[in-house]
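Asks: Provide a 3D model corresponding to the input given below.
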Amino acid sequence: MLSSIKSFAASATTGSAIKSAYVIDADSGFTAGPWLCQDAVKKSTKQEVSVLTFSKRSFEQAASMARGLSDTRGSSSASLRQAQDAVVQQLKQEAATLARLRHPAMLEVVESVEETRNSLIFVTERVTGCLASMVEGYDDSADSFNQQRRHRSSSDRLDEIEIQKGLLQVTIGLEFLQNIAKMVHGNLVPDAVLINAKGDWKLAGFSFAVPQNKEANPAGSSMTRFDAPDFDPRLPRSVQRNLDFAAPESVLDEQVDPLNDMYSLGCLVCALVSQKRRSPIDCNQNLHLYRKQADSLNVHNLQGVPPYLRDVIPQLLTRRPAHRLSAQAFATSPFFDNILMNSIRFLDAFPEKTASERQSFMRGLGSVIPQFPPRVLTKKILPGLMDQFQDHALLPLTLPNIFIICEAMPQKVFSESVLPRLKPIFILEDAPRAQHYLLEKLPIIKTKVTALELKEDVMPLVYVSLASTTPYLCEVAVAQASDLVKDLDLVTVKTALFPKIADTFAKTTMLSVKVACLKTFCVMVSSPQTALDKFTITEKLIPLLKAVKTKEPDVSMAILDLCAAMAGSKADRLDSETLALEVLPILWTFALGSLLNKLQFGRFATLIKQLTSNVADAQATKLQDGPASSLSSNGVRGSGGDLLTDDQGASSGNNPPQEMSFEKLVLGGKPQTSQTYSQQPSTATSAAGNGLSGLSFGQTTTTSAGSRPPAQPSANTNSATRAPFSWSTPAPAPAPALAPTTTGMSALSFSQPPLRPTPPQKTSSFTQMQNTGSTRPNYNIDTSAVYNNGFSIAPPPTTNPTTTAWQSSSTNIPPPPTTNFQQPAGSVRPQSAQKKSGLDAYASLL
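Replies: Residues are numbered from 1 along each chain as shown. Predicted coordinates:
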């Protein structure tokens, strides 16, 4: 109900429901009798059809040309209106008859006729032309050249097989009318035969069709009385009967017989094959001239008739219907008895044949395909073969015949007519033999399609085959993929093709498939347009190579070629580190395979040497191009990027590094006289009775950089010169015994903790002064002993590492406390002098 309302609303605005439901191509079109045929597409279903339109304005044009011929203008106008109305009814009857007749030889009606104020419209199957357009433009006779005729290329001319095929289809249609429909066409002319998109000839133009009425004839013959309308010059010629193709009994005797159409068929054959491309009767709608030509017609002297038709045409163009061939007899005549026509007949009846007959036909069809004209192949044979795609078991035999036809086909025709039908076959999983054949024909397919069609429509065939469980199908798919890499873009290769081949390479157990995958990887890496990037190679391809377990020579050599491609002209994608850490180990892994011969190993060794040299050169260049720095004579770089020389304590050769003295570090290497603090062991205790071993402080000249200063210094406030503190360690020397001094504080001693921590045994007065913060007393230290005897702490013995120098019996120096210096209770720290000297100057450091 809703669709009817929409159709009515559309027709109210456009004047036609058909025009509102279809998109009509105004640029296309041809005339077939009174009808203008235009290509159209249905908006809802996208069905390709043809819209046939008759314009009522054509009456006005014909009437204006015949105006003034009648003296009684008023009565002429009335009769003209009646004649025009009769023609409209006649054309409506034609469309209704076509809609009622359902046969493969009849033009198929999609939408019934619709009448508007100015036109008649109905919709049929897609038609590309009529027989009149194939005939009227030709005249092979040299003396009848017409400058105003339509010139056509030789490719548009009808071939012998096309004529035979078309005449056979028309004959089958006439047989249907005679035996089944019980009617006579009545106007079989070139305009009444339309050609559809498949190249089939279809019967139309039933404006003068009459039924067979045997009851009207008491004699019981097939002929009936028929009052044919006379020619009216006020009406268009296209809506009137053409006497040039009419049977003599229907024109002269006004008798209707089923064999009337066979006489018209004979005239049609002469128009197709003769030099003048015309009917043997040319009367220009003059009845008197028609009678004269029909009676004097000599069918044996027709010009331009091929030899194979000279026996058939005389049996059609007879004066009496009783001597004519029937439609059934003509269809079985020798005219249609050849291998090409029988092949077409077999293909038309293909669904009725058995499976063995179908297979035998497909096997032998390839030998006769080259004999067919191109138009028959593309419009008749090819569509008939593609209709058999639903039989998957027959695909391996059907596809070879299709590709024989497609080899000489233009790219546009293949993309429009063949590729859409092949797309469902590309993704079939139950027809491995068909897929195998299609893979082998990929070089032909890629020349017939565009780059976009190759990527979107053809590549699914490769993807499905790679995922197949059939080994030989995977091998062929990988091999064909390597040839298609250069025809694809980088995105397709990287995101679609490479992952599928990598998955096949990882899963397959077939040696040939692995080798084919490696060769395809090599093409992907070395292809200039679609070369894989560094990330894909390092993160996806190289891990695949590391996972290979087999050491077969074919696989090893394929990996060698792949590694050479990765490090070849496109080596800038891989840095030297990747080559050294990833590629070279792979090469060594397969180079040491036991199955390689000497020549194969030599190839591995050559590539390994080359890559190793490249890596070394790249690394040397990288270091040479680094930041400039000052090098020492031995070329060793120090900390912080500086190079240490020998005089700065840097290691040179195998010499161990020497420690830089604190004095040189602070003073910048200037020679200074420093004050050295010496600690001497004492065998006697101080006068104060504190139990500390005596310390003597003396002033000495700074030793060399390699000497080590005393561990604990002491200061002498009476000394005139204060030497700076030194952290350098003097060279080990035996410690001489010094006499303790009694001036001020008798002695200070520091002890080192043993290996196991123990509580301090004694607390020095120096510690007590630190904790109490009392003023440091002035010490009168005799430095003469220091000048006379150089003192340094002996290193621990090497024989017994557990015994320290101060724990030996000879020195008798107690170890220092492990905790902070503590001042005994009740002790008073002496006041320090106003000016600190000696050890007091470095009290904050302690």
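Asks: alpha carbons only for contacts and neighbour counts from here, please
Replies: OK.
Asks: flag the shaky bits of the stretch 551-700 of the chain, pLDDT-wise.
Replies: For the stretch 551-700 of the chain, the stretches with pLDDT under 70 are 569-573, 626-700.
Asks: so which elements touch whatever helix or strand residue 19 lives in?
Replies: Here residue 19 sits within helix 17-21, counting by DSSP states H and E. In terms of contacts (3 or more CA pairs under 8 Å, 6 or more residues apart in numbering; DSSP states H and E), helix 17-21 is packed against helix 2-14, strand 119-125.
Asks: residues making contact with the one helix or strand residue 398 maps to?
Replies: Using DSSP H and E, residue 398 sits in helix 395-406. Here helix 395-406 makes contact (CA atoms under 8 Å, 6 or more residues apart in numbering) with 359, 362-363, 365-366, 369, 377-378, 382, 385-386, 388-389, 414, 431, 433-434, 437.
Asks: ramachandran angles for residue 193?
Replies: Main-chain dihedrals, residue 193, degrees, to the nearest 10: phi -110, psi 110.
Asks: still on that earlier bit, the contacts of helix 395-406 in helices, which ones?
Replies: When helices are assigned by DSSP state H, the members of those inside them are 359, 362-363, 365-366, 382, 385-386, 433-434, 437.
Asks: out of these, which are buried?
Replies: Among those, those that count as buried by neighbour count (16 or more other CA atoms under 10 Å) are 359, 362, 365-366, 382, 385-386, 434, 437.
Asks: JSON lines for those residues, including distance to residue 320?
Replies: Formatted as JSON lines, these follow (distance: CA to CA, whole Å):
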{"residue": "359", "distance to residue 320": "47"}
{"residue": "362", "distance to residue 320": "45"}
{"residue": "365", "distance to residue 320": "42"}
{"residue": "366", "distance to residue 320": "45"}
{"residue": "382", "distance to residue 320": "42"}
{"residue": "385", "distance to residue 320": "43"}
{"residue": "386", "distance to residue 320": "45"}
{"residue": "434", "distance to residue 320": "57"}
{"residue": "437", "distance to residue 320": "58"}
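Asks: which non-adjacent residue is nearest residue 444?
Replies: What sits nearest to residue 444 in space, not counting adjacent residues and going by CA to CA, 6 or more residues apart in numbering, is residue 407, at 7.3 Å.
Asks: the one you found: how many residues sit nearby?
Replies: Residues near residue 407, counting by other CA atoms under 10 Å, number 14.
Asks: can you give me the strands in the chain?
Replies: Assigned by DSSP state E, the strands in the chain fall at 22-24, 30-32, 35-42, 48-55, 109-115, 119-125, 127-130, 183-184, 193-196, 201-203, 210-211, 224-225, 255-256.
Asks: start to end distance for stretch 345-363?
Replies: End-to-end distance of stretch 345-363 (CA to CA, to the nearest Å): 17 Å.
Asks: list the contacts of it.
Replies: 381, 384-385, 394, 397-398, 401.
Asks: again, 10 Å this time
Replies: 165, 168-169, 336, 339-344, 380-381, 384-385, 387-388, 393-401 (CA atoms under 10 Å, 6 or more residues apart in numbering).
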